[in-house]
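Student: what would the 3D arrangement of this be:
(one chain, ligands or ions: 1)
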Amino acid sequence: YLAEHERKMQLTKEEFKNRLKRKLNDYYEEDIDTASTSELFAAISAIVRDGYAPQWRRTRIAETKQKEKQVYYFSIEFLPGTLLKSNLLNLGWLKTVREALSDLGLDLDKIAEYEPDMALGNGGLGRLAAAFMDSLASTGYTGNGNGIRYKYGLFKQKFVNGYQRELPNDWLKKEGHWEVRRESKSVLVRFGGKVNMVEDNGWLIPQYEGERVVRAVPYDVAVVGYQDGLTNTLRLWDAEIPPEEELNYPTISDRRRVEDLTSILYPDDSNYEGRLLRLKQEYFFVSAGLQSILDYYITKLGNKNFAQLSDYVAVHINDTHPAMAIAELMRLLVDEHRVDWDTAWNITQKVMSYTNHTIMAEAMEKWDVNMMSELLPRIMQIITEIDRRYCEGLKGRVSDAVIDRTRIIKNGQVQMAHLAIIGSHSVNGVAALHTQLLETEVLKDFYNLYPERFNNKTNGITLRRWLQIANPELSDLLDQTIGKEWRSDSNKMLNFEKYYHDTKVLNQLHEIKLDNKKKLAKFVKEQTGIEIDPTAIFDVQVKRMHAYKRQTLKLLHILKLYQDLKARIDHPKRVIIFGAKAAPSYVFAKQIIKVINETANMINNDPDIHGKLKVVFLENYNVSLAEKIIPAADISEQISTTTKEASGTSNMKLMANGALTVATMDGANIEIKDAVGEENIFTFGLNKDQVYKYYAEKSYHPRKMYEEDPVMKKAVDALIDGTVPNCSSEGQALVNNFLSDNEQFLVLADFEAYLKAQEKVEQTWAQKRIWQQMSLVNIAHSERFDSDKTIERYAQDIWHLKKLKIEKVD
Ligand code: 26V
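Tutor: Numbers count the residues shown, from 1 in each chain. This next block holds a predicted model:
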């Protein structure tokens, strides 16, 4: 193993070149000048793995020695993107390696492009989990990720005739993986069969009959902390047939069923479907994770006293998907380790904490009791008992109606959010407004019962990725102005505000943005053939395609601009850039994609408007594409219906890169406004009370708005009067939706206010200096959304962690 100082000091360019030569030779019998990009990538990633190996080992040793409490972040999604550059950055090697490669006539960025995104997540929730992994290691806390090693990541999106097509994302096929298979840490997970309770020494224990046993094999990915951070572990589980059970899986389809367990990531993040395979996945990774935690507790920590478990272990439930952890921990404690129920329940509540990521009713998980009884008979018994005791405990203390509304099992379904709240000591929302809505609306009954459990933890982002890696030019400017300390201490970014009147810095900001826009323009040209002008306003909306996020409001704005330009009403040059995947089964979201693509095609090819407006919908939005788009954005579109976006995180990334936000007062947008001040953001639209008033009074009548507002009418009509070609049925579907009294997202209600906000954008754009000043303020204040800070708050308030001390080794 390399010693610490060796790791840091001795990776000179020469040493790196030697190691590269050696690896290429050992692995492929190639030289640097004959190696392919994939071979170079594999060799460099191997050097990086060697680089963090000693630190990874030392972190593990320190953990067992110091026995500090550890958090296990249970999440059905982790979305790290690519790891080469972030591992290099965190090791402190990025600059050296970039320069060494450049000496050899090689380009690190080109080689890094080879790496497939680790896209084991849909969007915000999975990306947040990855950010938290990075921040835990970087701030010095031992945190472990626990999830699923999906064979196929989130689907690859293609457009064919403007329609979304989904292709498999076979990310494991490529070379140079970061993961390490740890077969010795495998555990067994049981499904189905019958359970009989039998007495054993006065203890009722379950006897299983005819159940299926699956082997969970962990693949560990190192999470390298920044500079002197720790190297933690993201443990992803794969399902295999246990060698000793081979005979019980005689047919191909039997075997296939085991493989299927970890084969696909469900690509829907908005609509709950009670699919059996999903339930299997949830139990699979939860059970495997908890078993390995208890194994570690018993063997490594040498502890059999489970009453102290919460002094050593925190388990975090990321949305409801892992909520079965509560029942599974009860099962392990009561059945396997013979802890009495009350003690076990006490331990479980102290160990577990839960984050809610959405208030959308259609995304709330509820499992059918029959399905669960069949797949997980013992777990269902345990949940039934938890529910029985919950109801009994409240009887006479609160009204029957409250008990009925909050209990876990109702109408033949298991309410997973209720299980998560009842079985844990902390429930948090992901932005101030979201938490407030949980307390006063969505989870009001629970808040009345357990106010002390509720708390807010506004989301954050890894500035390391979104600034240091994605925007090296801006990072350099920060170095030159405020010094380098911001890279490890984001508070220092506030000092950037001191340059508010510094013309030179403001101009540099402008130049950097222009440069990033040129790069993106080149990429857009290569990808789509569309020419875009880097001096135009780059107006960006990147996030999942969803009705509540209202890409449709942006679409209506585009149509209005187009109609103006056709009528010789001038506007500043603008390029609208979308990136968004739709869930494959989400028909309306796919219709929006088709209509936007046809609108783009029409506008981009209309000579009448002299290229003053362009619309670019880039395929396959993912973390890597985000790293290209976000540094080039002038405008950040955050236009969800107020109350619907729990937090949002693209808003934070765009802000950090100097884009100005156009926003409804939803999610974390409110906190962005608080940070930068009203004068440095463009806000608009209905507030939460107005939104709830429409719902309560059923007073939303969009057709009237449409009839009375000729500008709105004209923009909406463009979708059905033949203006936008080749999408009459999809256009009609959008219009029917806009005009329905049941349209929940109130698109037309915000139309006029949105246009006004966009007019203000245009006026500000004309005042270049003011624009740069606003941009500067946004960059400076993005420090507030550093996920290192978010993680400190989780560590203090929820998990009660202490930092690990890593001994320096010579
Ligand atoms: C939900 C569901 C519900 C139906 C079953 C499948 C499934 C899969 C994933 C999800 C997660 C959706 C929740 C989510 O991603 N929420 C987003 O979380 C971000 C991080 O907290 C937050 O910034 C976004 O506002 C919120 O939409």
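
Student: check what pLDDT the spatially closest residue to residue 620 that is not a sequence neighbour gets.
Tutor: Excluding the flanking residues, the one nearest residue 620 by Cβ to Cβ, 6 or more residues apart in numbering is residue 157, at 4.5 Å. Quick note: C-beta positions are derived from backbone N, CA and C, even for glycine. What the model reports as pLDDT for residue 157 is 98.

Student: how close does residue 157 sit to residue 63?
Tutor: According to Cβ to Cβ, to the nearest Å, residue 157 stands 40 Å off from residue 63.

Student: what residue in this structure comes nearest to the ligand?
Tutor: Residue of the chain nearest the ligand, by Cβ to the nearest ligand atom: residue 124 (2.8 Å).

Student: residue contacts, that residue?
Tutor: 357, 459, 543-544, 646-650 (Cβ atoms under 8 Å, 6 or more residues apart in numbering).

Student: mind listing the strands for the stretch 1-150 of the chain?
Tutor: 70-74, 78-81, 118-120, 143-148 (DSSP state E, counting those that start in this stretch).

Student: using CSV, lay out those strands together with mean neighbour count, mean pLDDT and distance to residue 100.
Tutor: Shown next, in CSV, are the strands of the stretch 1-150 of the chain (neighbours: other Cβ atoms under 10 Å; pLDDT from 0 to 100; distance: least, Cβ to Cβ, whole Å):
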stretch, mean neighbour count, mean pLDDT, distance to residue 100
strand 70-74, 25, 98, 35
strand 78-81, 26, 98, 24
strand 118-120, 26, 97, 25
strand 143-148, 26, 97, 31
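
Student: reformat those strands as a markdown table; add distance to the ligand.
Tutor: Listed next are the strands of the stretch 1-150 of the chain as a markdown table, based on distance: least, Cβ to the nearest ligand atom, whole Å:
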| stretch | distance to the ligand |
| --- | --- |
| strand 70-74 | 13 |
| strand 78-81 | 10 |
| strand 118-120 | 12 |
| strand 143-148 | 12 |
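
Student: would you list those strands in TSV and tack on distance to residue 451?
Tutor: As requested, these are exported to TSV (distance: least, Cβ to Cβ, whole Å):
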stretch	distance to residue 451
strand 70-74	24
strand 78-81	32
strand 118-120	35
strand 143-148	27
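
Student: which one of those lies closest to residue 574?
Tutor: Relative to residue 574, the nearest member of the strands of the stretch 1-150 of the chain by Cβ to Cβ is strand 78-81, separated by 28.5 Å.

Student: neighbouring contacts of that closest one?
Tutor: With Cβ under 8 Å, 6+ apart, strand 78-81 has contacts from 86, 117-123, 126-127, 129-130, 133-134, 145, 147, 154, 221, 234, 236, 465, 622-624, 626-627.

Student: using PDB, write down the CA coordinates of that strand.
Tutor: Extracted C-alpha coordinates of strand 78-81, given in PDB (Å, rounded to 0.1, in the frame of the first residue of the first chain):
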ATOM      1  CA  PHE A  78     -28.100   6.000  -6.800                       C
ATOM      2  CA  LEU A  79     -27.100   8.300  -9.700                       C
ATOM      3  CA  PRO A  80     -23.400   9.100  -9.500                       C
ATOM      4  CA  GLY A  81     -22.900   9.700 -13.200                       C
END
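
Student: close to the ligand: what parts of the stretch 151-300 of the chain are there?
Tutor: 266, 268-269, 271-272 (Cβ under 6 Å from any ligand atom).

Student: from those, pick the one nearest residue 744.
Tutor: residue 271 (13.8 Å).

Student: host element of that closest one?
Tutor: Assigned by DSSP states H and E, residue 271 belongs to no helix or strand.

Student: output the set of residues of the protein in proximity to the ligand.
Tutor: Going by Cβ under 6 Å from any ligand atom, the residues of the chain near the ligand are 122-125, 128, 266, 268-269, 271-272, 319, 357-358, 363, 430, 459, 645-649, 667.

Student: again, only this time at 8 Å
Tutor: Residues of the chain lying close to the ligand (Cβ under 8 Å from any ligand atom) are 76-77, 122-128, 266, 268-273, 278, 319, 321, 355, 357-358, 360, 362-365, 430-431, 434, 459, 544, 645-649, 667-668.

Student: looking at those, which are in helices?
Tutor: 124-128, 278, 434 (DSSP state H).

Student: in this structure, which residue is most central in space?
Tutor: residue 127 (2.3 Å; Cα atoms, centre = their mean).

Student: end to end, how far does stretch 713-723 reach?
Tutor: 13 Å (Cα to Cα, to the nearest Å).

Student: name the surrounding residues that touch it.
Tutor: Counting by Cβ under 8 Å, 6+ apart, 556-557, 559-560, 562-563, 595, 602, 706-707, 724, 727-728, 731-732, 734-735, 738-739, 748, 751 sit against stretch 713-723.

Student: just the buried residues out of those, in ChimeraX syntax.
Tutor: Remark: buried members of those, expressed as a ChimeraX selection using 16 or more other Cβ atoms under 10 Å:
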select :556,557,559,560,562,563,595,602,706,724,727,731,734,735,738,739,748,751
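
Student: got the domain boundaries for the protein?
Tutor: Structural domains assigned to the chain are 1-66+83-116, 67-82+117-459+793-799, 534-785, following automatic domain parsing.

Student: can I get those domains in CSV with distance to residue 523?
Tutor: CSV is the format used below for these (distance: least, Cβ to Cβ, whole Å):
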stretch, distance to residue 523
domain 1-66+83-116, 11
domain 67-82+117-459+793-799, 16
domain 534-785, 6
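
Student: show me the one of those that comes nearest residue 495.
Tutor: Using Cβ to Cβ, the nearest of these to residue 495 is domain 534-785, at 7.6 Å.

Student: quick one: end-to-end length of that closest one, please.
Tutor: End-to-end distance (Cα to Cα), domain 534-785: 28 Å.

Student: so how far is that domain off the chain centroid?
Tutor: 21 Å (Cα atoms, centre = their mean, to the nearest Å).

Student: which residues of the chain score low on pLDDT?
Tutor: 1-10, 807-810 (pLDDT under 70).

Student: swap in 80 and give it another go.
Tutor: For the chain, applying pLDDT under 80 flags the ranges 1-10, 176, 300-301, 303, 807-810.

Student: show me where the stretch 1-150 of the chain has helices.
Tutor: Assigned helices in the stretch 1-150 of the chain, in chain order: 4-9, 13-28, 37-66, 84-91, 94-103, 108-112, 124-139 (criterion: DSSP state H, counting those that start in this stretch).

Student: most tightly surrounded among the ones you listed?
Tutor: Comparing the helices of the stretch 1-150 of the chain by mean neighbour count (mean count of other Cβ atoms under 10 Å), helix 124-139 ranks first with a mean of 26.

Student: what angle do that helix and helix 37-66 make?
Tutor: 60 degrees (axes from the mean of the first three to the mean of the last three Cα atoms, to 10 degrees).

Student: what's the biggest strand by length in the chain packed up against?
Tutor: Longest among the strand segments of the chain by residue count, using DSSP state E, is strand 212-224. The criterion is 3 or more Cβ pairs under 8 Å, 6 or more residues apart in numbering; DSSP states H and E, and the helices and strands that strand 212-224 contacts are helix 37-66, helix 84-91, helix 124-139, strand 179-181, strand 187-191, strand 231-240, helix 276-299.
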